[in-house]
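Trainee: Provided below are the primary sequence and the corresponding predicted coordinates.
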Amino acid sequence: MSRSAVRDALRGLLLFLVLASTFFLLIGRDPVSMFGAILTAAAGSGYAVGESLVRATPILLCALATLVPARLGLISVGAEGQLYAGAIAGTGVMIAWAGPPPLLLPAVVLGGMAGGALWALLPALLRNAAGVNETISTLMLNFVAALAVTWLVYGAWKNPQSQGWPATVEFPDIARLPTLGDSRVHAGLLIALAAAVLLAWLLGRTRWGLGLDVLCSNPRLDSVTSLSLARQVLLTMAVGGTLAGLAGIAEASVVQGRLQSDLAQGAGLSGFLVAWLAGNRVGRTVWIALGVGALLASGDGLQMSERVPSSVTLVVQGLLFVAALGAAAHRDRGTRHV
Amino acid sequence: MSSVDIVLAGLLVSALRSAAPLLLALLGECLTQRVGRINLGLEGQMLVGAVAGYATVAATGSPWLGLAGGAVAGALLSTVFGWLTVAAGANAFASGLAVWMLGLGLSAYLGTAFVGVRIEGFPLWIGGLTPTVALALVLVPLTALWLFRTRSGLRWRAVGESEHSARALGIVPWRVALSGIVVGGLFSGLGGAALSIDITRTWAEGMTAGRGLVAVGLVIVARWNPWLCLPAALLFGLGEALALRLQAADSAVAAHLLHMLPYAVSLLVFTLTCASLRRDPRSGGAPAGLRAVFER
């Protein structure tokens, strides 16, 4: 990290502590004990650590899904919609499966990834064909995908045995990613970490990664890099969509056991801001995603130990991002050229 | 009544009522985008407006005070966006999302005490209309006339077109930009309060359900023109009113499909706008300052 990045991080941390402490004081709580309670609830026991990792997994995947197109200068906020599309596609494979049972799990996972990738290709194609700004298009497509889930679980895919609760049938055990011991931590976390390592290498050490950096700094240089900008828009969005789609099918199959509304729990939004705060660096993205996942997972524990609504953690998350954006803002000025 | 009657009876009134909160937010975002800023935090501002308005009515019993309380809360939250983008110079999209997240958290926290609390909203006027519908409808011409026919409206538009030229004319761009953001916050807070006080008459976490973000898209559909905000909002209101009726007529499935309509239409019109902008950069009616945000 350069010296200015360290200074930004410290300034952001300080600002965050001031803002969060002010918020705790305003709601009549002692800031020191509240920070202590958050730490305990997030990492105080094996169970707590497990829940934090479960919550962090989709956030990490969505952050990576934001990061890859961002390396080309694209601001995609579509991870949430891609997550839903992945969950829909994977669930569809599970429902329609007629092949041999041992192949069901890989088919479901691949289906989820393909669903996310296809959903991400839509804004990429629109951008290439008509110059449609990807931020607005992905934002709108998020809602279409989320509402498609609602439509399916109320309609065609509704489990008749679920007594009015809108959800699909449960995933059979053979269609679920393996979990770690008794916890809910699942193989999706390992895949996410492996993807992070692979991306760090691809983006930082290969000709392709260097080509993306060149295209990001000046799109007219595509002849120099022998990379076509339009094709890289498609590729980076699809890679991102694949990762977000994986998050979706993992949430549906392992964590919740079925497809239902509100599956994402804001992971796409958190993931976007995580990637942004990490300056689109893979290593930092992993750590910040784990931290934000732990913060959000601490909500339930706080509700019991401190008798505050779990939404306190949502406020703290918002303050964290506001502080970091405010502190690092001058760095953003004039650095994007695409 | 047959199911067709259930679906169609008083549809326009219901559409107007559903559209009113969105129309308020839409007018606010229209002004914000006219000064060259795009605020995705609108969603969060509507949420804090909704909860603050609801809390005020629960405490005082006056829906008018509730609307005022919601507007103030929305304006207050929008100053965070103003600070991030105008003073600190942070990226508009990221700042908007951060403000959205903060508003989501704050409203969920403040709203815990009001889940299940009943309030008395506005009494219905003849024809089933309410004061919030009237307020939203009156604000359309007021906003449009102010923006297009007054000196200060011209100054705002000048800043949205080019901060550089505006500065040369002796305008202080950051002051105008901040005003545009805070007025947007005021309107969106008002819209949120109209939603919780007048339409749903309950508070629920995340109850705006994307209306704020749809407003950001619909401003583009409305070509940054307050007059056109009315049909754009009505499109959404009509979709929502139809969806509710289809649900009542036991066609819940079709209703969920219909909910997608405003988002799909916004995206479609946005695509057409972008395509025409690509052919002719001066068409489309977009403030030039905003184009710098979109086109990179």
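Mentor: Structure received. As the structure is a computational prediction, the values presented were derived from the model and not from experiment.
Trainee: Could you identify the helix or strand that succeeds the helix or strand of chain B with the lowest mean pLDDT?
Mentor: Ranked by mean pLDDT, DSSP states H and E, the weakest helix or strand in chain B is helix B:3-8, scoring a mean of 58. Using DSSP states H and E, the helix or strand that follows helix B:3-8 in sequence is helix B:11-34.
Trainee: Run the chain-centre distance for stretch B:174-187.
Mentor: 14 Å (CA atoms, centre = their mean, to the nearest Å).
Trainee: is it anywhere near chain A?
Mentor: No. Judged by CB under 8 Å from any CB of the partner chain, stretch B:174-187 stays clear of chain A, getting no closer than 14.1 Å. Glycine gets a C-beta too; all of them are placed from N, C-alpha and C.
Trainee: With only the CA atoms kept, save that stretch in PDB.
Mentor: C-alpha atoms of stretch B:174-187 as PDB (Å, rounded to 0.1, in the frame of the first residue of the first chain):
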ATOM      1  CA  TRP B 174     -21.300  24.200  -5.500                       C
ATOM      2  CA  ARG B 175     -24.000  26.200  -3.700                       C
ATOM      3  CA  VAL B 176     -26.500  25.500  -6.500                       C
ATOM      4  CA  ALA B 177     -25.500  21.800  -6.700                       C
ATOM      5  CA  LEU B 178     -26.000  21.500  -2.900                       C
ATOM      6  CA  SER B 179     -29.400  23.200  -3.100                       C
ATOM      7  CA  GLY B 180     -30.400  20.900  -5.900                       C
ATOM      8  CA  ILE B 181     -29.400  17.900  -3.800                       C
ATOM      9  CA  VAL B 182     -31.200  19.100  -0.600                       C
ATOM     10  CA  VAL B 183     -34.400  20.100  -2.500                       C
ATOM     11  CA  GLY B 184     -34.300  16.600  -4.000                       C
ATOM     12  CA  GLY B 185     -34.000  15.200  -0.500                       C
ATOM     13  CA  LEU B 186     -36.900  17.400   0.700                       C
ATOM     14  CA  PHE B 187     -39.100  16.100  -2.100                       C
END
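Trainee: Same question for that stretch: list its buried residues.
Mentor: With burial defined by 16 or more other CB atoms under 10 Å in any protein chain shown, the residues of stretch B:174-187 counted as buried are B:V176, B:A177, B:L178, B:S179, B:G180, B:I181, B:V182, B:V183, B:G184, B:G185, B:L186, B:F187.
Trainee: same thing with stretch A:88-105?
Mentor: Those would be A:I88, A:A89, A:G90, A:T91, A:G92, A:V93, A:M94, A:W97, A:L104, A:L105, for stretch A:88-105 by 16+ other CB under 10 Å.
Trainee: got the CA coordinates for it in CSV?
Mentor: Taking Å, rounded to 0.1, in the frame of the first residue of the first chain, the C-alpha atoms of stretch A:88-105 are listed here in CSV:
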residue,chain,number,x,y,z
ILE,A,88,-33.3,-19.1,-10.4
ALA,A,89,-31.2,-21.0,-13.0
GLY,A,90,-29.7,-23.4,-10.5
THR,A,91,-33.1,-24.1,-8.9
GLY,A,92,-34.5,-24.6,-12.3
VAL,A,93,-31.9,-27.3,-13.0
MET,A,94,-32.7,-28.9,-9.7
ILE,A,95,-36.4,-29.0,-10.4
ALA,A,96,-36.1,-30.2,-14.0
TRP,A,97,-33.3,-32.7,-13.4
ALA,A,98,-33.8,-36.1,-15.0
GLY,A,99,-30.1,-37.2,-15.3
PRO,A,100,-28.1,-39.4,-13.0
PRO,A,101,-28.2,-38.2,-9.3
PRO,A,102,-24.4,-37.9,-8.8
LEU,A,103,-24.3,-35.3,-11.6
LEU,A,104,-27.1,-33.2,-10.0
LEU,A,105,-24.8,-31.1,-7.7
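Trainee: Report the distance from that stretch to the chain centre.
Mentor: 24 Å.
Trainee: Next: stretch A:278-298.
Mentor: The answer for stretch A:278-298 is 10 Å, by CA atoms, centre = their mean.
Trainee: Mind listing what's buried along it?
Mentor: Of the residues in stretch A:278-298, those buried (16+ other CB under 10 Å) are A:278-282, A:284-286, A:288-298.
Trainee: Equivalent analysis for stretch A:141-160, please.
Mentor: Buried residues in stretch A:141-160 (16+ other CB under 10 Å): A:141-154, A:157-159.
Trainee: picking up where we left off before, what's the lowest-pLDDT member of the buried residues of stretch B:174-187?
Mentor: Within these, pLDDT reaches its minimum at B:V176, with 85.
Trainee: a helix runs through it, doesn't it?
Mentor: Yes. The assignment for B:V176 by DSSP: H, G, I helix; E, B strand; the rest coil puts it in a helix.
Trainee: Name the SS class of the residue lying closest to it once chain neighbours are set aside, please.
Mentor: Ranked by CB to CB, 6 or more residues apart in numbering or on different chains and with sequence neighbours excluded, the top spatial neighbour of B:V176 is B:V159, at 4.3 Å. Using three-state DSSP, the structure places B:V159 in helix.
Trainee: Could you give the number of residues near B:V159?
Mentor: Look at B:V159: counted by other CB atoms under 10 Å in any protein chain shown, it has 28 neighbours.
Trainee: Can you verify my assumption that A:V316 contacts A:F23?
Mentor: Yes. At 7.3 Å, A:V316 counts as touching A:F23 under the criterion of CB atoms under 8 Å.
Trainee: the more surrounded of the two?
Mentor: A:V316 (25 against 20).
Trainee: For the closest residue to the more buried one other than its chain neighbours, give me its contacts.
Mentor: What sits nearest to A:V316 in space, not counting adjacent residues and going by CB to CB, 6+ apart, is A:A20, at 5.5 Å. Residues in contact with A:A20 (CB atoms under 8 Å, 6 or more residues apart in numbering or on different chains) are A:P31, A:F35, A:V316, A:L319, A:L320.
Trainee: So which of those are in strands?
Mentor: The members of the contacts of A:A20 all map outside strands under DSSP state E.
Trainee: Please indicate which of those are buried?
Mentor: A:V316, A:L319, A:L320.
Trainee: can I get the residues you listed in TSV with pLDDT?
Mentor: Compiled in TSV, these are given as follows (pLDDT from 0 to 100):
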residue	pLDDT
A:V316	92
A:L319	94
A:L320	91
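Trainee: could you dump those residues to JSON lines with distance to A:L118?
Mentor: Below are these laid out as JSON lines (distance: CB to CB, whole Å):
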{"residue": "A:V316", "distance to A:L118": "35"}
{"residue": "A:L319", "distance to A:L118": "36"}
{"residue": "A:L320", "distance to A:L118": "33"}
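Trainee: Out of those residues, the closest to chain B would be?
Mentor: Nearest to chain B, judged by CB to the nearest CB, of these is A:L319 at 6.6 Å.
Trainee: Which residue ranges of chain A form helices?
Mentor: Ranges of helices in chain A, per DSSP state H, are A:3-26, A:31-43, A:46-70, A:79-96, A:104-130, A:134-154, A:187-205, A:207-217, A:222-225, A:229-250, A:267-277, A:282-305, A:312-332.
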